[in-house]
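J.: The sequence isn't on hand, but the structure is:
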């Protein structure tokens, strides 16, 4: 293996085992997009035909890019500032780019944590069967109007995220992910089984969700949508895969592990859809994208189902787990970047970021304009720009071939030939950049 | 439920969930090999 200078003085924070590493990286990738956006897109874009198109995108573009990014992270073994410095050889510029990229990723928490708080509120709604006193459609507004309650829930969520990040990689992120990620699968599978045996006309729902309409494959817009969703879902480019890859040990596998992570991300999305969409369709509820499905339609569904309160608790807990592991990732990226970049301890950086998380998320509870600003700034523009910059810097400037030769192939279970780095540079990164530009300025239809 | 939906459900389940389980199983199976490699690399670094 190469003794390239960047691999010296690596971080000593590593995953304890392969299972924990996969669960941690899967937790980072699995987020609310898997639970609410993907199922809607499947139903609206040709059912199983969309799932298969999505899988093609995952195998052809997302997995190769994830392998490159995680491999680079494993080689660097530190934060984004060091990652950019290894490629750009300019300390000042790298500190700025790495610091800004970490902040942009972190700032997603400012609008994300209030959504987590709402999710938490709905666990309480299901536990108490609030729909017996308040119409299901009004429960969401009732919660949002109670600012003191939402700020309290924001505080609980911020503390959960803060404690996990504060405790570090093995005792915090890995320990939490090893519980939360498998539990998401278990909870959604219980819902699928229950819906399959107890809801009359569930077959109609499966037809809506999974009926294959392969005629959609001839529409370029379907491939653009599938590719965009696949890239955003795993989150390749901006540095999250890199940071989670940096916690791998020098001799750990990259290629097969990252393939498993991307497939787990897709699997949970398909399973979440199977748990929710067919049931909604069978009960005559309109399925829709975004928060409407989760916070307005699901309570109405659970109100009508036998054992709806228990199923509701399972469902919103699974969704909350997905949100927690993503919010942890959004705090872990700046924690690792700033602790290495400014030579601070994990504990001090985690405490500062937790305090800022609380202040910003609490403001977002009171101001919708503030929430929308951060949603646009980081969730839309920031993510896209940093993903494009990251992919170009890792793939072209540092070099995909160098990453494969020095950090991935020597220790991976599946060795990828020279063709792989050429493929990443000529096909994968251009596609990623085109899709990202199209997200900012739609031109592909 | 339509037959084509059922067939697709089976195909998606086998392809997606099967390949996911296979990948995770392979990574876990190879862990002892990587543990040994990590121990060797660490020993080399200390020397």
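T.: Cool, got the structure. A quick note: this is a predicted structure, and the numbers were derived from the prediction, not measured.
J.: what about the helices in chain B?
T.: Taking DSSP state H to define them, one finds helices in chain B at B:3-12, B:18-29, B:31-46.
J.: next one: the stretch 251-400 of chain A
T.: For the stretch 251-400 of chain A, the helices defined by DSSP state H, counting those that start in this stretch occupy A:255-282, A:291, A:298-304, A:308-341, A:346-366, A:368-374, A:383-392, A:400-403.
J.: Reformat the ones you listed as JSON lines; add mean pLDDT, mean neighbour count and distance to chain B.
T.: Just so you know, the C-beta spots here come from the backbone N, C-alpha and C atoms, and that holds for glycine as well. Shown next, in JSON lines, are these (pLDDT from 0 to 100; neighbours: other Cβ atoms under 10 Å in any protein chain shown; distance: least, Cβ to the nearest Cβ, whole Å):
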{"stretch": "helix A:255-282", "mean pLDDT": "93", "mean neighbour count": "26", "distance to chain B": "4"}
{"stretch": "helix A:291", "mean pLDDT": "60", "mean neighbour count": "14", "distance to chain B": "27"}
{"stretch": "helix A:298-304", "mean pLDDT": "88", "mean neighbour count": "21", "distance to chain B": "19"}
{"stretch": "helix A:308-341", "mean pLDDT": "96", "mean neighbour count": "25", "distance to chain B": "17"}
{"stretch": "helix A:346-366", "mean pLDDT": "97", "mean neighbour count": "19", "distance to chain B": "21"}
{"stretch": "helix A:368-374", "mean pLDDT": "93", "mean neighbour count": "15", "distance to chain B": "33"}
{"stretch": "helix A:383-392", "mean pLDDT": "93", "mean neighbour count": "22", "distance to chain B": "23"}
{"stretch": "helix A:400-403", "mean pLDDT": "97", "mean neighbour count": "22", "distance to chain B": "18"}
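J.: would you list those helices in a markdown table and tack on distance to residue A:100?
T.: Listed next are the helices of the stretch 251-400 of chain A as a markdown table, based on distance: least, Cβ to Cβ, whole Å:
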| stretch | distance to residue A:100 |
| --- | --- |
| helix A:255-282 | 26 |
| helix A:291 | 29 |
| helix A:298-304 | 37 |
| helix A:308-341 | 10 |
| helix A:346-366 | 15 |
| helix A:368-374 | 15 |
| helix A:383-392 | 8 |
| helix A:400-403 | 23 |
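J.: Which one, of these, ends up nearest to residue A:103?
T.: Comparing the helices of the stretch 251-400 of chain A against residue A:103 with Cβ to Cβ, the closest turns out to be helix A:308-341 (6.3 Å).
J.: chain center to that closest one: distance?
T.: With Cα atoms, centre = their mean, to the nearest Å as the basis, helix A:308-341 stands 9 Å off its chain's centre.
J.: any idea how far residue B:13 is from residue A:13?
T.: For residue A:13, the distance to residue B:13 equals 37 Å [Cβ to Cβ, to the nearest Å].
J.: Please say which of those two ends up with more neighbours.
T.: When neighbours are counted by other Cβ atoms under 10 Å in any protein chain shown, residue A:13 and residue B:13 differ, and residue A:13 comes out ahead with 17 against 14.
J.: Pull the number of nearby residues for the nearest residue to the more buried one once chain neighbours are set aside.
T.: Once flanking residues are discounted, residue A:13 sits nearest to residue A:169: 4.3 Å by Cβ to Cβ, 6 or more residues apart in numbering or on different chains. Neighbour count for residue A:169, taken as other Cβ under 10 Å: 24.
J.: Include mean neighbour count when you put the helices of chain B into CSV, please.
T.: Listed next are the helices of chain B as CSV, based on neighbours: other Cβ atoms under 10 Å in any protein chain shown:
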stretch, mean neighbour count
helix B:3-12, 16
helix B:18-29, 17
helix B:31-46, 13
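J.: Residue A:188: which of those is closest?
T.: Nearest to residue A:188, of the helices of chain B and by Cβ to Cβ, is helix B:18-29 at 14.1 Å.
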